[in-house]
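**Q** Mind looking at a prediction? Sequence and model below.
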Amino acid sequence: MMQKSPKNLTLNTNLLYVRAGELIIGNQTHPYNGEAKIVLYGEPNDETLAYSMTVETGNKVLAIVGKV
């Protein structure tokens with residue numbers, strides 16, 4: 001059986017927030033052999049993001065509350 005070449009993945013975003021879950025690209029039994037990129041965009045003067053009264057982030061965010 002001929003193996004397929006992996007596809008390359010690119011996610012372009014200002015914000016990636018996984019609050020109650022997981023961000024998975026492959027695992028030990030099913031590895032992802034391609035190239036996976038997350039490209040964060042934002043300008044220095046863009047607005048920031050407040051998750052709560054005590055947690056504030058910048059204008060380019062990769063926030064994961066769980067597993068990566």
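**A** Now that the structure is in, tell me what you want to look at. Numbers count the residues shown, from 1 in each chain.
**Q** Now do the residue lying closest to Val61 once chain neighbours are set aside: how many residues are near it, please.
**A** Of all residues not flanking Val61 in the chain, Leu15 sits nearest, at 4.7 Å (CB to CB, 6 or more residues apart in numbering). (Glycine included, C-beta is placed from N, CA and C.) Counted by other CB atoms under 10 Å, the residues lying close to Leu15 total 14.
**Q** hang on, Leu15 packs against Leu49?
**A** Yes. When contacts are counted by CB atoms under 8 Å, Leu15 is listed as touching Leu49 (6.7 Å).
**Q** what is in contact with these two at once?
**A** Taking CB atoms under 8 Å, 6 or more residues apart in numbering as the contact rule, Leu15 and Leu49 both touch Val61.
**Q** quick one on the thing from earlier: need phi/psi at the residue nearest to Val61.
**A** Main-chain dihedrals, Leu15, degrees, to the nearest 10: phi -140, psi 130.
**Q** Roughly how far does it sit from Gly58?
**A** 10 Å (CB to CB, to the nearest Å).
**Q** Then Tyr32?
**A** Per CB to CB, Tyr32 is found 28 Å from Gly58.
**Q** for Leu11, same thing?
**A** Distance of Leu11 to Gly58, given as CB to CB: 18 Å.
**Q** What are the boundaries of the strands in the chain?
**A** With strands called from DSSP state E, the chain shows them at 9-13, 15-22, 36-40, 49-50, 56-57, 61-67.
**Q** With that, I have no additional questions.
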